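Participant: Sequence and predicted model, in that order:
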There are 2 protein chains.
Amino acid sequence: MSEVCGSSNRIAGSSFSIYPMSDRFVEIIKSSLNEVETSKVWMKTDDVTTTVRGRMIHVFDVTKAIFLQAAKTGEHVVFQATYSIGCPGDSAGDVYMAEDNLAQNVSTSGLIDQEVAAKFSLYPMGGGNYMDVIYSQIEDMKKRGVEVGEAHYSTRLDGDGNRVFNGLEQVFQQTDEQGSSHTVMTVTISANSPSKKGGK
Amino acid sequence: MSEVCGSSNRIAGSSFSIYPMSDRFVEIIKSSLNEVETSKVWMKTDDVTTTVRGRMIHVFDVTKAIFLQAAKTGEHVVFQATYSIGCPGDSAGDVYMAEDNLAQNVSTSGLIDQEVAAKFSLYPMGGGNYMDVIYSQIEDMKKRGVEVGEAHYSTRLDGDGNRVFNGLEQVFQQTDEQGSSHTVMTVTISANSPSKKGGK
């Protein structure tokens, strides 16, 4: 919890969960994990959450791939994640910072055509000139076909799953690069919901 | 998204979701909502999230009650919420600040005996002397039988659902009262998981 946050170690991480609203949830989670190449991140799963740590590109690559594999089943699946950079708190996974920048799951994830509804909140807790970054990244997402709207306590995104994830990665990365010493982003992404958008 | 955050309007809010890992997820969510008295909060549900806004006591009372009602079904149910105070951004639900401080669901929630595993992160984004508050509140939780542990990017809590929720409300409230002008807390609470604690 908010220890002293240095800016020397730029290891990124995500604490995330996949929620398949299905009696087959265990099978869906396990098979999704099996489909994804995770050798470039530190990864640990317990009964509440899965944590991945490593270079930012791999953290997003792996989390996106696991979600898309689960969503591909056609079941109503929700992905919830907290991404963090700049406040390591511990050194687990530091060795994975030596990995290269070649994402391992781009080609398989890219084949998955999945509409999603998402909400995200960005908490740049270490200064930096982030508001302009957020606005310009949101404009970029719109150009790439992602629908952007305001929601309570968050920003709403609707569109293709790969594009939504890539937009989230961009806004997180740019916020970090603009000088926020500790950045947290929370994300909820829903696929195959039986509820209509905007409905009760 | 991080607009100018005033400290005049102390309306609290929560953007939350209930994830029953069951084919009956729609029925479980709907019946849980029906069991809970929500007349003292502003409430809106869409396909990604439910938002409640109002006095802090009612926001916690309502979210706790909905989760416990869903968990009571015995299905594996996960509750995920972002609590926020001090950065209203909008005025929806302001009129509910006139409600009294009598929580409506305490007696029914109190009857539900439910072990839970939780993780939470607290982001006090507006200053204040919060670290001492967090540590003393965590000590209080331990005294009330909640097991507290460290996790990546969060703090882990294990114990009775009512006690865990009450502990979370206390730490959130105390952080706010110690002068943080904008406080965000993210919470994930799991009930009836088939995974063993600490397992792979």
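Facilitator: Arrived safely, thanks for sending. Keep in mind that this is a model prediction, so the values were computed, not measured.

Participant: Return the set of residues that bridge with A:Asp160.
Facilitator: With DSSP bridges as the criterion, A:Asp160 is bridged to A:Glu115.

Participant: Counting neighbours, what do you get for it?
Facilitator: By other Cβ atoms under 10 Å in any protein chain shown, 16 other residues sit near A:Asp160. Placement of C-beta: from N, CA and C, glycine included.

Participant: separation between it and A:Val116?
Facilitator: Using Cβ to Cβ, to the nearest Å, A:Asp160 is found at 7 Å from A:Val116.

Participant: cool, and A:Gly159?
Facilitator: Separation of A:Gly159 from A:Val116 (Cβ to Cβ): 7 Å.

Participant: With neighbour numbers in mind, choose between those two.
Facilitator: Shown here are A:Gly159 and A:Val116; by other Cβ under 10 Å, A:Val116 has more neighbours (26 against 19).

Participant: who touches the one helix or strand in chain A whose mean pLDDT sits lowest?
Facilitator: Ranked by mean pLDDT, DSSP states H and E, the helix or strand of chain A with the weakest confidence is helix A:130-143, at a mean of 84. Residues from elsewhere that reach helix A:130-143 (Cβ atoms under 8 Å, 6 or more residues apart in numbering or on different chains): A:122, A:124, A:148, A:155, A:157, A:163-164, A:167, A:170-171, A:174-175, A:178, A:180, B:1-2.

Participant: Kindly recompute the last result at 7 Å.
Facilitator: If you take Cβ atoms under 7 Å, 6 or more residues apart in numbering or on different chains as the criterion, helix A:130-143 is touched by A:122, A:124, A:148, A:157, A:167, A:170-171, A:174-175, A:178, A:180, B:1-2.

Participant: now do stretch A:184-197
Facilitator: Identification of contacts with stretch A:184-197 by Cβ under 7 Å, 6+ apart yields A:67, A:71, A:74-84, A:114, A:116-123, A:125, A:158, A:161, A:164, A:168, A:172, B:17, B:26, B:47-49, B:82, B:123, B:186.

Participant: Could I have the buried ones of these as PyMOL selection syntax?
Facilitator: PyMOL command restricting the contacts of stretch A:184-197 to the buried ones, with burial defined by 16 or more other Cβ atoms under 10 Å in any protein chain shown:
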select buried, (chain A and resi 67+71+75+76+77+78+79+80+81+82+83+84+114+116+117+118+119+120+121+122+123+125+158+161+164+168+172) or (chain B and resi 17+48+49+82+123+186)
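
Participant: Might you specify the subset of the contacts of stretch A:184-197 located within helices?
Facilitator: When DSSP state H defines the helices, the subset of the contacts of stretch A:184-197 inside them is A:Phe67, A:Ala71, A:Gly161, A:Val164, A:Leu168, A:Phe172, B:Val26.

Participant: Got the confidence number for the third one?
Facilitator: Per-residue confidence for A:Gly161 comes out at a pLDDT of 97.

Participant: now do A:Gly128
Facilitator: Reported pLDDT for A:Gly128: 69.

Participant: and what of A:Gly6?
Facilitator: The predicted local confidence for A:Gly6 is 47.

Participant: likewise A:Ser193?
Facilitator: On the pLDDT scale, A:Ser193 gets 94.

Participant: Just read off the phi/psi values of it.
Facilitator: phi -70, psi 140 (degrees, to the nearest 10).

Participant: Count the neighbours of A:Tyr135 for me.
Facilitator: Residues lying near A:Tyr135 (other Cβ under 10 Å) number 12.

Participant: what do you get for A:Val95?
Facilitator: Neighbours of A:Val95 under the rule other Cβ under 10 Å: 11.

Participant: what's it in contact with, if anything?
Facilitator: Listed by Cβ under 7 Å, 6+ apart, the contact set of A:Val95 is empty.

Participant: I'd like the distance between it and chain B.
Facilitator: Using Cβ to the nearest Cβ, to the nearest Å, A:Val95 is found at 16 Å from chain B.

Participant: before we move on, what about A:Gly54?
Facilitator: A:Gly54 is 12 Å from chain B, by Cβ to the nearest Cβ.

Participant: Isn't that residue up against A:Lys40?
Facilitator: Yes. Contact criterion Cβ atoms under 7 Å: A:Gly54 and A:Lys40 qualify, at 6.1 Å.

Participant: for chain A, which spans come out with low pLDDT?
Facilitator: For chain A, the stretches with pLDDT under 70 are A:1-9, A:87-89, A:127-128, A:196-200.

Participant: re earlier: give me the common contacts of A:Gly54 and A:Lys40.
Facilitator: Shared contacts of A:Gly54 and A:Lys40 (Cβ under 7 Å, 6+ apart): A:Tyr96, A:Glu99.

Participant: what sits against the nearest residue to A:Phe67 once chain neighbours are set aside?
Facilitator: What sits nearest to A:Phe67 in space, not counting adjacent residues and going by Cβ to Cβ, 6 or more residues apart in numbering or on different chains, is A:Phe79, at 4.1 Å. With contacts defined as Cβ under 7 Å, 6+ apart, A:Phe79 is in contact with A:Phe16, A:Ile18, A:Phe67, A:Ile189.
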